[in-house]
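In: give the three-dimensional model of this entry:
(4 chains)
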There are 2 protein chains.
Amino acid sequence: MGLILESSRNKSIEEAFRRTGVRITPQRFSVLEHLMLHPDHATVDDLAAALNRRYAKASRATVYNTLHALVEAGLVREFTLDGKAARYDANVDPHHHFVCDVCGAVEDLEWFEIPALQQQPGPKMPRTQKGEHSVKAYNIRSYEVIVRGVCRRCR
Amino acid sequence: MGLILESSRNKSIEEAFRRTGVRITPQRFSVLEHLMLHPDHATVDDLAAALNRRYAKASRATVYNTLHALVEAGLVREFTLDGKAARYDANVDPHHHFVCDVCGAVEDLEWFEIPALQQQPGPKMPRTQKGEHSVKAYNIRSYEVIVRGVCRRCR
DNA sequence: TTTTGTGCAAAAGGTTTGCATACGA
DNA sequence: TCGTATGCAAACCTTTTGCACAAAA
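Out: Modelled structure (predicted):
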């Protein structure tokens, strides 16, 4: 990565902090930088290890604090899968997720709409025999899709 | 609930154990019975408390063991949300989930297909500028939708 | 009678919290 | 300088594990 690209990246990271009013520290800068450079949904442990390999030392507690601040500011998205350690993503635009059944890797999927969820809400709350509800009866604020399969590296 | 309904329910629970070759114990019977009667996605704590309120005493460890056996046998489905305690569901038919943003309640949604995921898989793995992938490039085995909003009790 | 489930307690992750110190603005 | 982020350790919550005992088939 060239110096020009690197410095423009630094600018955009600084700009993100300034825009959201989050105070800049070496640890916070490095966490956001790492998430922007590596779209592999790092865990807290991944981030702590990556930071301590470079110049900005950070304790686990600081990584947690930092991530909470970044999520709060809308700069990072949190994603927890099957009760395991939370994963973090600098892509905060709407998107879905793909999870590899073999290696557990998580990848972002481009956003797509679900026609069944675009319908006008209805006043009724019909229930099936299995206790399920029709999606028509809800006030929907958001939704996300988790797709599972085998990633190309595991094929 | 009348005696006839109750005895036919007991029959169907026993039949489920027999069909899947899972050994019947009072604890296991009560866990499956509770999940069948209450479609509210109980946690391990909920189940342990509910069982100890009735006749079949069960330690937390036994509830965990029991749930693993039932999930393994395909009689129960596990659902974990946001890294909190796992929830369990006797509805093992394909369905989606609704989560209330206010009270956190989880409800089953009837199954619906996602047209974007029915497409033929393609050989390419296009990437967007944000590092996202097109869903066309994947070998999809399954998917689930998590819908969020406000449930009718919280409106 | 043999196999396997149960219960207790201890341990193992992952995350949160309290507090003294250090640092950014 | 003032406010707050950091780092450490302890606490907390959920889940797993080891082992002696009890119960199911």
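In: other residues contacting the strand ranked longest in chain A?
Out: The single longest strand within chain A, with elements called by DSSP state E, is strand A:139-150. Residues outside strand A:139-150 that contact it (Cβ atoms under 8 Å, 6 or more residues apart in numbering or on different chains) are A:81, A:96-102, A:109, A:112, A:114, A:117, A:121, B:101, B:114, B:117, B:135, B:138-150, B:155. Every residue, glycine included, has its C-beta placed from N, CA and C.
In: those residues, buried ones only, as a ChimeraX selection?
Out: Command for ChimeraX that selects the buried part of the contacts of strand A:139-150, burial taken from 16 or more other Cβ atoms under 10 Å in any protein chain shown:
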select /A:81,96,97,98,99,100,109,114,117 /B:114,117,135,138,140,143,144,145,146,147,148,149
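In: just to revisit the earlier point, starting from the longest strand of chain A, tell me which strands it pairs with and how they run.
Out: Strand A:139-150 has its sheet partners listed here by DSSP bridges as strand A:96-100 (parallel), strand B:139-150 (antiparallel).
In: could I have the CA atoms of the longest helix along chain A written out in CSV?
Out: When chain A is scanned for its longest helix (criterion: DSSP state H), the result is helix A:3-20. What follows is helix A:3-20, C-alpha atoms only, in CSV (Å, rounded to 0.1, in the frame of the first residue of the first chain):
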residue,chain,number,x,y,z
LEU,A,3,2.1,6.4,1.0
ILE,A,4,-0.6,8.4,-0.8
LEU,A,5,-3.3,5.7,-0.2
GLU,A,6,-2.2,5.3,3.4
SER,A,7,-2.4,8.9,4.1
SER,A,8,-5.8,9.3,2.5
ARG,A,9,-7.0,6.4,4.6
ASN,A,10,-5.7,8.0,7.7
LYS,A,11,-7.5,11.2,6.7
SER,A,12,-10.8,9.3,6.3
ILE,A,13,-10.4,7.6,9.6
GLU,A,14,-9.7,10.8,11.3
GLU,A,15,-12.6,12.4,9.6
ALA,A,16,-14.9,9.6,10.8
PHE,A,17,-13.8,10.3,14.4
ARG,A,18,-14.3,14.0,14.0
ARG,A,19,-17.6,13.7,12.3
THR,A,20,-19.0,11.5,15.1
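In: I'd like to know which elements the worst-scoring helix or strand of chain A on mean pLDDT is packed against.
Out: Least confident helix or strand of chain A, by mean pLDDT, DSSP states H and E, is helix A:3-20 with a mean of 84. Applying 3 or more Cβ pairs under 8 Å, 6 or more residues apart in numbering or on different chains; DSSP states H and E, one finds that helix A:3-20 makes contact with helix A:26-37.
In: 10 Å - rerun?
Out: Contact partners of helix A:3-20 among helices and strands, from 3 or more Cβ pairs under 10 Å, 6 or more residues apart in numbering or on different chains; DSSP states H and E: helix A:26-37, helix A:60-72.
In: how about the helix or strand just after the first one, does it reach chain B?
Out: Under the assignment DSSP states H and E, the closest C-terminal helix or strand after helix A:26-37 is strand A:42-43. No - applying Cβ under 10 Å from any Cβ of the partner chain, one finds strand A:42-43 out of contact with chain B, separated by at least 11.3 Å.
In: what parts of chain A come near DNA strand D?
Out: Counting by Cβ under 7 Å from any atom of the strand, the residues of chain A close to DNA strand D are A:23, A:25, A:27-28, A:57-62, A:65-66, A:69, A:83.
In: hmm, try it at 6 Å
Out: Within chain A, the positions lying close to DNA strand D (Cβ under 6 Å from any atom of the strand) are A:23, A:25, A:27-28, A:57-59, A:61-62, A:65-66, A:83.
In: for PyMOL, what selects the buried ones among these?
Out: In PyMOL syntax, the buried subset of these is picked out as below (16+ other Cβ under 10 Å):
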select buried, chain A and resi 27+28+58+62+66
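In: looking at the residues of chain A next to DNA strand D, which has the smallest pLDDT value?
Out: Within the set of these, pLDDT is lowest for A:Lys57 (88).
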